[in-house]
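Trainee: Model the following, please.
(one chain, ligands or ions: 1)
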Amino acid sequence: MNSGSNSLHRRLFMKVQAWWLIATAVLACGAPPDEDLRQTQAVELPGTRNDALRAAAQRHQVPLELLMAVAEHQGHFELPNKSGELLDQVEPEAPVADGTLTVPDPSHELAAPEGLLPSEVEENALETGITEDPELDIGTDPADQGLVTELATDIDADDPEAVASPEDNLDLEKEGSAHDDIDLFGVMLLSQAQVTLASSLTGQPELLIKTDTAANIDAAAALLSHHAAQAGVDTASRDLAAWKPAIAQFLEAADDVEVSALAMESLQNLYLDGFNRVTEDGERLTLQGMGRDVGTALQALTPGQYPKITFIPASSSNYSSRSGGRVRYVVIHDIEGRMDGAIAVFRNPARAASAHYIIRSSDGHIVQMVRESMKAWHSGHGFFNANSIGIEHEGFANQPRGGGFYTQKLYERSAQLTCAIAKRYHIPIDRKHIFGHGNVPSNLSSTRLCSDAAANSGACGGLSHHHDPGKFWSWSTYMKLVARCVKGNPTTPPPSPSPDSTDVHGLIFRGTDNTKPIAGATVRLGIRSTKTDANGHYAFANVVVRGARNFTASAPGFLARTVSRTVSGTSMRVAFGLTPSAPAGTAVLVGVVYKGANDLNRVAGATVKLSNGRSTTTNKDGIYRIGGLAPNTYRITAVKAGVGRGSTSRAVTNGTTTWGSVRL
Ligand SMILES: [Zn+2]
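Mentor: Coordinates of the predicted model:
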């Protein structure tokens, strides 16, 4: 309640501030030319989201249902509001100048979470102790009895081996942050680049697009329309698939097949299921779904079984080896945004951040980006990174229900995943082993977890004091779901192995001769590609094991070739040859014409004729040669008066010489 009114207050303030800034800017520049005034006043922007969506759809010729689905996909019609006031008060703790890390005095950590007096912790506990969400209905279950779902006080991580050493934190020097600085504006979550482009398209000032909901929606429609025109989309079509190129551009995922496919799947779900949403400030938005033929219930799983997972590898610059650590904790995060953004961050080698898994809000779809055997960089604390699995969730820590992203499906599917991880690594189902990023101590030499109250206040949360998943994450719901899953079937067989991956290496060579490597050949596997080295070798690390995959190699002067191989094991080799490409009509047939069983018994002066009409005569050694042939299968007939006649057939290809000797 408190937070809702605060947030509304803040939003009104932002709006007033925005107009004030625009007015100030206009005054500062003197009276603008008449034309500019007409431009900014030409569009009468309606006041509510529904009005804005209708007007924008009409103005920019974008189907209303598409615009609504995109808005729902982007941010559930709520403002990103991701820089929460709690976080803003705390400066990240940076490594000291000489490159070593500041390790706070452990005695300080034991007294109270950094930056807060004990009395303040208590106050925070009262205000932030939200562990139930009335919108979620998980019923009751005997398995819930006695389950402690809250971390009421700071507590030592429950593991005799849990001793943080300075070496654990070496990687932290280069670790970035998984989810704190993607700037997105307005209910359409527009990037700065999109705001700039939209401003040039609509004539609206950038500040207005960033701060006014109607202008923001109008800008999104203008962008969709712009991308549709560029991609040649039939804008009369109401078919989602027809708009795909424009949507992919809008979501800034056009050059990423897998990410744009994920986004299209999410929009398709919205088209099928529709939505009926009431925003935080009370506006209802409804899209009638087309309905599905089959139920959309979550996949029923044996407790401990991993749910279906898509593997999209993070940049190898963004994670490292566990160096002796093992999986004994699960750390829960939220992205402060959507799945697409997190995937982009984790694939960007400059970001130095990653998590093992990301879970989508709309349907619980899971993307894995780092193998469980590796150390993802997610919690800003060397020991906890080395000893945990990090799971990111769509949503925003400072908004009720995560800004609408903390859905029942999100909790259920995430709980299935944590259940499988817990079974696989024998992790106890309690808050000492399953906790939030905010519960991770900021003291890098400590393994003492912070209470939920301290976590939500931003006092802990690793090096950068992150407080996700925040006070609106329902630990009660989550822990009950995990506990029920784990206890669901005590006689369950051992868990199925995690979706694992393998290292693929191989050789690309010339033709059928594997002693003639091709250097600089491009080898592609899905969206990944690499080049062969001077010895024709290439390698792909962490290829997910999921049956047959297509490997395609190409090189200048050779025909591209695709082979399909079943990816399995921990290491495998895929080697294959490329046929030299050559200009058309460069096949050559050569052969000898001989008499009887002995091919040394050559016949000179024999007439050799091909089925395409070309002919020649054998030389003194009985050899013939016909070049300049198109690829085909030719009948070769040889005749020598008084000796005899014979024929054979050969297939030829461009750039190669084929032997076709004929016996008379
Ligand atoms: Zn986090």
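
Trainee: What residues does the stretch 451-600 of the chain have near the ion?
Mentor: 466, 468 (C-beta under 5 Å from the ion). The C-beta positions use only the backbone N, C-alpha and C, and glycine is treated the same way.

Trainee: Do a quick rundown of the helices in the stretch 451-600 of the chain.
Mentor: Applying DSSP state H, counting those that start in this stretch to the stretch 451-600 of the chain gives helices spanning 452-456, 475-487.

Trainee: Which of the ones you listed has the highest mean neighbour count?
Mentor: Greatest average neighbour count among these goes to helix 452-456 (a mean of 29), per mean count of other C-beta atoms under 10 Å.

Trainee: what residue ranges in the stretch 251-400 of the chain score low on pLDDT?
Mentor: 291-301 (pLDDT under 70).

Trainee: Against A376, how distant is the residue in it positioned nearest to the ion?
Mentor: As assessed by C-beta to the ion, the ion sits closest to H333 within the stretch 251-400 of the chain, at 3.3 Å. In this view, H333 and A376 are 10 Å apart by C-beta to C-beta, to the nearest Å.

Trainee: what sits in contact with each of these two?
Mentor: Common neighbours of H333 and A376 (criterion: C-beta atoms under 8 Å, 6 or more residues apart in numbering): 355, 390.

Trainee: Quick check: closest non-adjacent residue to V608.
Mentor: Nearest residue to V608, sequence neighbours excluded (C-beta to C-beta, 6 or more residues apart in numbering): Y624, at 4.4 Å.

Trainee: Might you report the residue contacts of that neighbour?
Mentor: 589-593, 606, 608, 616-618, 638.

Trainee: for the ion, what are the nearby residues on the stretch 201-350 of the chain?
Mentor: Within the stretch 201-350 of the chain, the positions adjacent to the ion are H333 by C-beta under 5 Å from the ion.

Trainee: got the residue ranges for the strands in the stretch 201-350 of the chain?
Mentor: Using DSSP state E, counting those that start in this stretch, the strands found in the stretch 201-350 of the chain span residues 275-278, 284-287, 309-311, 319-321, 329-334.

Trainee: among the ones you listed, which is nearest L53?
Mentor: Shortest distance between L53 and the strands of the stretch 201-350 of the chain, using C-beta to C-beta, is found for strand 284-287: 8.0 Å.

Trainee: And that closest one, how far out from the chain middle?
Mentor: Distance of strand 284-287 from its chain centroid, counting by C-alpha atoms, centre = their mean, to the nearest Å, is 28 Å.

Trainee: That one: which residues count as buried?
Mentor: Neighbour counts using 16 or more other C-beta atoms under 10 Å place 285, 287 of strand 284-287 among the buried residues.

Trainee: which residues are in contact with it?
Mentor: 49-50, 65, 68-69, 71-72, 77, 270, 274-279.

Trainee: and that strand, which strands flank it?
Mentor: strand 275-278 (antiparallel) (DSSP bridges).

Trainee: Restricting to C-alpha, output the strand it pairs with in CSV.
Mentor: This file holds the C-alpha atoms of strand 275-278, laid out as CSV (Å, rounded to 0.1, in the frame of the first residue of the first chain):
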residue,chain,number,x,y,z
PHE,A,275,-4.9,-10.9,-21.0
ASN,A,276,-7.1,-8.9,-18.7
ARG,A,277,-4.9,-6.7,-16.6
VAL,A,278,-5.5,-3.9,-14.1
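
Trainee: Next, the buried residues of that strand.
Mentor: Going by neighbour count (16+ other C-beta under 10 Å), the buried part of strand 275-278 is 275, 277.

Trainee: hmm, who's touching that strand?
Mentor: 72, 76-77, 284-287, 289, 404.

Trainee: any weak-confidence spans in this structure?
Mentor: Filtered on pLDDT under 70, the chain yields the residue ranges 1-47, 81-135, 143, 158-182, 291-301, 489-501, 527, 545-546, 570.

Trainee: same thing but 50
Mentor: Filtered on pLDDT under 50, the chain yields the residue ranges 1-47, 82-129, 160, 180, 294-296, 489-499.

Trainee: Find the centremost residue of it, please.
Mentor: Nearest to the mean C-alpha position of the chain, by C-alpha atoms, centre = their mean, lies I343 at 3.1 Å.

Trainee: I figured that one hits V370, correct?
Mentor: No - judged on C-beta atoms under 8 Å, I343 makes no contact with V370 at a distance of 12.0 Å.

Trainee: Only the buried subset of the contacts of Y624, as a PyMOL command please.
Mentor: To isolate the buried members of the contacts of Y624 in PyMOL, using 16+ other C-beta under 10 Å:
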select buried, resi 589+591+592+593+606+608+618+638
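
Trainee: Just give me the closest of the contacts of Y624 to the ion.
Mentor: Compare each of the contacts of Y624 with the ion using C-beta to the ion and the shortest gap goes to L589, at 67.8 Å.

Trainee: For the closest one, give its distance to P556.
Mentor: Counting by C-beta to C-beta, the gap from L589 to P556 is 27 Å.

Trainee: Next: S320.
Mentor: Look at S320 and P556: by C-beta to C-beta, they are 36 Å apart.

Trainee: which of these two has more neighbours?
Mentor: Using other C-beta atoms under 10 Å, the more surrounded residue of S320 and P556 is S320, with 19 against 9.

Trainee: buried stuff in stretch 359-376?
Mentor: 359-372, 374-376.
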